[in-house]
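[1] generate coordinates for the sequence data below:
(2 chains)
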Amino acid sequence: MNQFSNRFTVIYGFIILCALGLVLQAARIQVFGSKFKNSASKYAIDKQTQYPSRGLIYDRNGQLLVYNIPVYDLKVTYNKVPKEIDTTLFCKLLNIRKDSFSILITKDWRSAQFSKSVPFTFYSKISPERFAKFQEHLHLFPGFYPVLRYIRSYPHQNAAHALGYLGEVNQKVIDNNTGYSSGDFMGVSGLEKTYENKLKGQKGYNYLLKDNLGREVGAYSEGGLDSVAQSGLDLITGLDLELQKYGESLMNGKRGSVVAIEPSSGEILSIISAPSYDPNLLALNQNRGSSFKRLFQDSINRPFLDRSVMAKYPPGSIFKPIFSLIALQDEITYASRTIYCDGEYTVNKKRGFSQGCHGHPTPYNISIALEHSCNSYYYQLLREYVEQYGYSQPGKGLDRLKSRLADFGLGIPLGIDSYLENKGNVPGSKYFDRLYANVRSGWRSTYILSLGIGQGELQLTTVQMANLAAIIANRGHYFIPHLVKSYSASDSLIAKKYNTPNYVNVDSVHFKPVIKGMYDVIRSGTAQMAYVPGLDICGKTGTSQNPHGEDHSVFFAFAPKENPKIAIAVYVENAGFGGTIAAPIASLMIEKYLNREIGLSSKWKEDFIYSKNLIETPDQ
Amino acid sequence: MTRSTRSSSLDWITVSLYFSFLVIGWLMLYASQEASISENVKFISFDSLIGRHTIWVVLATIIFLFSFLLDWRLWYTFAIPIYGLTIVLLVGVLIFGVQIKGATSWYQLAGFSFQPSELAKFGTCLALANYLSFFDSDIRERRTFVVSVLLLLAPMFLILLQPDAGSAAVFTSFLILFYRNGMSTNYFVIGFALVAVLILSLIYSPFLVLLLVLFVGILILVMRYKQQLYALGAYGLWLILSAILYASNYKKEILIANIVAFIVLLVVHTIRENQKLVIVLFPFMLLATAFSFGSKFAFEHGLEKHQQERINVWLRPDKCDPRGSLYNVLQSQRAIGSGGIQGSGFLKGNMTRLNYVPEQTTDFIFSIIGEEQGFIGVFSVIGMFLLLIFRILIIAERAKNSFIQNYAYGVAGIIFIHFFVNIGMSMGVMPVIGIPLPFISKGGTALVVFSLMLGVLLKMDLARQTR
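    The predicted structure follows:
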C-alpha cells in the first residue's frame, strides 16, 4: 500500500506552499505598510449618496406641473453619539416627543440590517425651515449628519391622476432591481410610474475617509470610485394646463371623466377623472399618511380610481357614427338609404325583440339617422351586418365586427402611456356561445341587437371614445393617444409608435355623410346645447342606459369641422340625457381651447354646469 | 519517518497543539466581547457569547477525551452506518431544520443549534477511509473511482441544497486522500490548470488567458525537439514578437497566429513521433478555450447575485463597493493591517473592541489575532496549523493499516482547507465562503466535530503499539 509514499512529500510541500502564501499576504498588509496599514484603525470609510433631482414635468406651453423641493433626512452612526448629549434640546428642535429619541435610535442590532458603526436614517423628511433651526445646533450632536433629498411639489392642484405620485420603494423592488436602496422614492402611479426610468436620474456616490472624530481626511482610493449624481429627464406633456384646470372646474361635483386629444398628433390635451384630489396631498412630506388614508377610504367617490383610463362604460349612441362607417365600408348599407321608423323596432314578436324609439323625423339617409339618433335604423343595420354570412351564422358576422372594431382601437389596449389602461370590452361569438349555451338552436342576431346602439356588453374607456372622435376628425386614422410629447434632452425621443399613424381601413368618402350627421346633431339634432357660433363643432350624444340608477350622459365631438384641432369625449355618470350635461361640458371645453375664453353667449351654459352637483359628499 | 513500535505512545505534540488552539480561541472570543460586556463577565452561562463558548469548549474536551475510551475498530466497523446516519441528518435538516441567514442548515434543540454538515465531514471521512482500505479497492480503477466520488458528492449535493456552498466546498479536500491513494497526477495537473484558466479569465480578458495557454502548449511541443537550444531561441523570438503585436492591438491576429502555430506543431509532432501527446493536449486546449470564453457567461448566468459579489470581492476588489459587498473583507484586512508587527496587545484592538469587523467571532476571527497579536501572532498561528497538519500526516504514514492512513489523510485535508480558506479570506486572498477556523471560531458543532475527529485519530495512532 505504500507504493505512493513519495506523495507524502508532494502533499506536504503543497500545504507548506499555501501556508507560505498566507504568511506573505500577512506580511504585505501588516509589515510592508500597504494601503491597509496606512488607513488603519484611525480612519473609517464613509459612503455618501448624492440624490439626483428628479425630472420635472411641464405642460405643452411650458407651464410647470411638477417640481422638486428639498427636505432633509437625518442620519446617525450609533457608536459616534456620546451618551451625554442633550436629548431635550434635540427633540425640541426637531419637534418630536422626548421619549421618541430613544425609540428612534434603538435598532435591532442583531439583525443584518443595522450596525452600530454604520449610519442609518434616524428621522426623515424634515422641512428646510425646521432643518435650518436644527442645523445651528448640529455641532452639539456628534454622530448626526443631514442628507439632502427632494420630494415632489405641485404649483397647481390639477391633473392628479395623470401625474401620479411617488412612494418609498418596498423590499421586493430593492431585491429585484439594481440601483434602488431602502428609503429611495419611486413612481407608484401615473406618469411618475410610467416614466420612472426617465425621471429618476442616477444617484452619485462619494467615498470618503473620515478620522475618529468624523472629520473628512480625504477620498477613498483617490476618488476613483466616486460618481456624480445625474438629474432625471424633464417630461414635456401635451397637456394644456388652462384647459385641464377649466375642465376640472366643470367636472367639479360630478363623477366621470373627460379626455381631449389633438387629432393631428394624438397628444392628450386634457385628461380628467372626477372626483379628483390635490396632488400636494400625496407629496412625500410628513402629513402624507393621513391624507392617503382619507382618500383611500372614500369608497363612495373612489378618488384614486382613474376613470379616464381604468373605467369602462357602455358608449351608448356615440357608437352609431363608428358603426355607420363600418357598415358603409363593408357594403352592408349605403349612405342615402331610408329605413322607416314608426317609433318601434319589432322583429317577429314571437322571438321577442321589440324596442321603442323616440319621436323624430323619418331618417331618409344615414346623416338624418345620426342627427336624430334613430335606434330603429341601427338595429336594422346591426341585424344586417351580423347576418351577412346568413341568418344561422350570426357568430361569423359578429366576429367580423369585432375585428373591425379592433382597427378603431376598441376591445384592445390602445397602448397609451399609462400602465393602468383598460382595454374595454367588445364581445365576440365565443362570449355569446357560452352565454346562450342552453338555447338549443343557438343564438340569433336578435339576441344582440342592442349592440347596434352601443348598449349591452359593449364597453369602452373614455380615452377610447376620445380617440374615436379623433379618428373621425382625421377621416380615417389616429395616433395612439399619449401624455408625453418630448423630453428635455433633445436626443431622447418618445416611442416611435406615438408618431406612426394607424389606419382604420375606412375610405374617406364614407366619412362625409357621417360627419354631416354629426354636424347637424349640433345645429338641429340632439345636442343643440353644444352649439357655439363660429366653431363648427361636430358631435354625437349618447345616453347610456344604467340598470343601477340614473342613465350616464355621454358626448363626443371634434372641432372645427375642417382641420380639426381638438377631439373630445365626456362621460358623466348618472347625469341623464347626453345632450344636457355631457354636451355642454364638451362644447365649453372646445370653446376654451379654441378661443381661449368663454363667450357671453355661452356663459349661461357655464353657470348651469357649475350649479349641477351630482355627488353626495362622504361623511367625515 | 518511521519509528520503532516500542517507542510508540500518545502523540503529545498534537495533544498540546489541540489544547493551545482551544485556549487561543477562547481568548480571542473573550477579546471580541470585552468592550460590550459589563464588569462581571459570566464565564459559564447560556446568556453571553463567551459563556456559551465556554460550555462548548468543555463539551468538546469531554468528547475529545471520551474518544480515547472507545476501541478504534468501532469506527472501522460502523464507518458506513455513521455515514448513512449523517446523510439521513442532512436530508432531515432540509425538512425539519431552521433557517438562519437564508440557509436551512441547523437543527435547533433547547436553545442549542446543531449543524449536521459539520458531522457529515467526519462521516464522509470515515466512509471514504473504510471503502478505500478494502483489498480490492483501487482508486485508479473506474469502479472504485466512481464509488468514491459518489460517496463524496452525496453529502456535497445535500449541503448545496441548504444552500451552503462554503461547507460543500470543504469536501473537495478529500482529493488529497484520493491523490495519496494513487489517483493519476495528470488529473490534478489538468484540473489545476483549468481552474487557473477559469480564475484568470475572470480577472483578465479571455483573449489574454487563451494566449498564455497557447504559449505554454507551444512550449511543451517545442521542448520535444532534439536541438532544444535552437528551438527555444526561436520560441523566445516568437514570444517577443507576439507580445509586441499584442500590445499594438493586433490581438485577434496574434491569437489566430498562435492557434495556427500550435496546431501545425502538434500535427508535425504527431506525424514524426507518436499520438500520445495529442490525445492529452488537444482536448485540453479545447477545454481551456471553452473555460476562458465561457467563464464570464457562466459567471453572469450560472451564479446568484450574492455569489457573483463574493467572487468580485475576491478577484476584483477595486471594483467593489467598499460600504457594500467589500465591506467585511476590507474591515478585516484593515484590522489585521492595523496590528503591525507586534499587534496592539490583548484587549487593546480598537477595531475589535468597537466591533468594526462584521462576523468577527466566526468567519473573521482571524482579524482579532491579526490586530491584537500582530504579524508575530499571525505567523505563530499559521505555524501551529502547519505543525498540526505535519503531525497528522506523520501519524498517517506510520499507521499500521490503510484505513487509519486514509482516515488521517482525510482529517489532514479537512483541517487544511478550513485553515487555509478561513485565514485566506480574512486577508482577501480567498473568496468569502463562510467556513470556520478549526478549534478557534465560535460555533459549537464544528468545535465538537473537529475535537472528535482529532481524538479518534490519536486513539487510532495509539493502536500502533498493540501490533
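
[2] how near is the nearest residue to A:S264 once chain neighbours are set aside to chain B?
    Counting by CB to CB, 6 or more residues apart in numbering or on different chains, the nearest residue to A:S264 once its immediate chain neighbours are dropped is A:N474, at 7.3 Å. In short, each C-beta sits where N, CA and C put it, glycine included. Applying CB to the nearest CB, to the nearest Å, the value for A:N474 to chain B is 48 Å.

[3] ok, A:N474 to A:L410 distance?
    16 Å (CB to CB, to the nearest Å).

[4] those two: which has the busier surroundings?
    More crowded of A:N474 and A:L410, by other CB atoms under 10 Å in any protein chain shown: A:L410, with 25 against 21.

[5] domain boundaries for the chain, per the record?
    By default, I'm working from chain A. A:2-32, A:46-237, A:241-276+A:304-611 (automatic domain parsing).

[6] oops, chain B please
    Using automatic domain parsing, the domain parsing of chain B gives B:12-183+B:329-462, B:187-302.

[7] and those, which one averages the lowest pLDDT?
    Ranked by mean pLDDT, these bottom out at domain B:187-302, with a mean of 85.

[8] end to end, how far does that one reach?
    25 Å (CA to CA, to the nearest Å).

[9] do the same with stretch A:191-201
    For stretch A:191-201, the first-to-last residue distance is 15 Å (CA to CA).

[10] for that stretch, buried residues please.
    Neighbour-count burial for stretch A:191-201 flags A:L191, A:E192, A:K193, A:T194, A:Y195, A:E196, A:K198, A:L199, A:K200, A:G201 (criterion: 16 or more other CB atoms under 10 Å in any protein chain shown).

[11] likewise for stretch A:293-305?
    Buried residues in stretch A:293-305 (16+ other CB under 10 Å): A:L295, A:N301, A:P303, A:F304.

[12] check stretch A:488-501 too.
    Buried residues in stretch A:488-501, counted by 16+ other CB under 10 Å: A:I494, A:Y498.

[13] and the helices in the stretch 101-250 of chain A?
    Counting by DSSP state H, counting those that start in this stretch, the stretch 101-250 of chain A has helices at residues A:128-136, A:160-163, A:171-176, A:190-194, A:196-199, A:241-250.

[14] which secondary structure elements does the fifth one contact?
    Put plainly, it is helix A:196-199. If contacts are counted by 3 or more CB pairs under 8 Å, 6 or more residues apart in numbering or on different chains; DSSP states H and E, helix A:196-199 sits against strand A:185-187.

[15] quick one: contacts of the strand it packs on?
    Strand A:185-187 is contacted by residues A:54, A:151, A:164-169, A:173, A:180, A:193-196, A:199-200, A:284 when judged by CB atoms under 8 Å, 6 or more residues apart in numbering or on different chains.

[16] repeat that for stretch A:363-370.
    With CB under 8 Å, 6+ apart as the test, stretch A:363-370 has contacts from A:320-321, A:324, A:328, A:333, A:335-339, A:341, A:361-362, A:372, A:374, A:377-378, A:513-514, A:516-518, A:520-521, A:525, A:540.

[17] so for that stretch, mean pLDDT?
    90.

[18] isn't A:T49 up against A:K203?
    Yes - counting by CB atoms under 8 Å, A:K203 is a contact partner of A:T49 at 5.7 Å.

[19] what about the longest strand in chain B?
    In terms of residue count, the longest strand belonging to chain B (DSSP state E) is strand B:103-109.

[20] then it to CSV, C-alphas only?
    Output of strand B:103-109 as CSV, limited to C-alpha atoms (Å, rounded to 0.1, in the frame of the first residue of the first chain):
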residue,chain,number,x,y,z
ALA,B,103,-29.7,28.7,4.7
THR,B,104,-31.6,25.7,6.3
SER,B,105,-28.5,24.3,8.0
TRP,B,106,-29.4,23.9,11.6
TYR,B,107,-31.3,21.6,13.9
GLN,B,108,-32.5,23.6,17.0
LEU,B,109,-33.0,21.9,20.3
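
[21] what pLDDT does A:G214 get?
    In this prediction A:G214 is given a pLDDT of 57.

[22] swap in A:S102?
    Looking at A:S102, its pLDDT reads 79.

[23] report the contact partners of it.
    Neighbours of A:S102 in contact, by CB under 8 Å, 6+ apart: A:T87.

[24] and the helices in the stretch 51-200 of chain B?
    B:73-77, B:79-96, B:116-132, B:142-160, B:165-170, B:175-180, B:185-203.

[25] please identify the most buried of those.
    helix B:116-132 (a mean of 25; mean count of other CB atoms under 10 Å in any protein chain shown).

[26] A:Y340: how many residues sit nearby?
    11.

[27] for it, give me its contacts.
    Per CB under 8 Å, 6+ apart, neighbours of A:Y340: A:T362, A:S376.

[28] and the residue in the stretch 301-450 of chain B positioned nearest to chain A, how many residues sit next to it?
    In the stretch 301-450 of chain B, the residue that lies nearest chain A is B:G337 (3.1 Å; CB to the nearest CB). Applying other CB under 10 Å, we find 27 residues neighbouring B:G337.

[29] which other helices and strands does the helix or strand where it lies contact?
    Element membership for B:G337, per DSSP states H and E: helix B:327-339. Packing contacts for helix B:327-339, counted by 3+ CB pairs under 8 Å, 6+ apart, involve helix A:7-30, helix A:35-38, helix B:350-353, helix B:366-368, helix B:374-397, helix B:402-426.

[30] try it again at 6 Å.
    Applying 3 or more CB pairs under 6 Å, 6 or more residues apart in numbering or on different chains; DSSP states H and E, one finds that helix B:327-339 contacts helix A:7-30, helix A:35-38, helix B:366-368.

[31] run the chain-centre distance for it.
    21 Å (CA atoms, centre = their mean, to the nearest Å).

[32] assign the closest residue to B:R323 other than its chain neighbours to helix, strand or coil.
    Counting by CB to CB, 6+ apart, B:R323 lies nearest to A:K47, which is 3.6 Å off, once chain neighbours are set aside. Per DSSP: H, G, I helix; E, B strand; the rest coil, the secondary structure class of A:K47 is strand.

[33] specify the beta-bridge partners of A:K47.
    Residues in a beta bridge with A:K47, per DSSP bridges, are A:Y207.

[34] looking at the helices of the stretch 101-250 of chain A, which is closest to A:L233?
    Relative to A:L233, the nearest member of those by CB to CB is helix A:196-199, separated by 4.5 Å.

[35] list of residues touching the closest one?
    Applying CB atoms under 6 Å, 6 or more residues apart in numbering or on different chains, the contact partners of helix A:196-199 are A:R54, A:G55, A:M186, A:G187, A:G232, A:L233.

[36] measure the residue nearest the centre of chain B to A:K320 for me?
    Residue closest to the average C-alpha location in chain B (CA atoms, centre = their mean): B:I417, at 2.6 Å. Distance, B:I417 to A:K320, using CB to CB: 82 Å.
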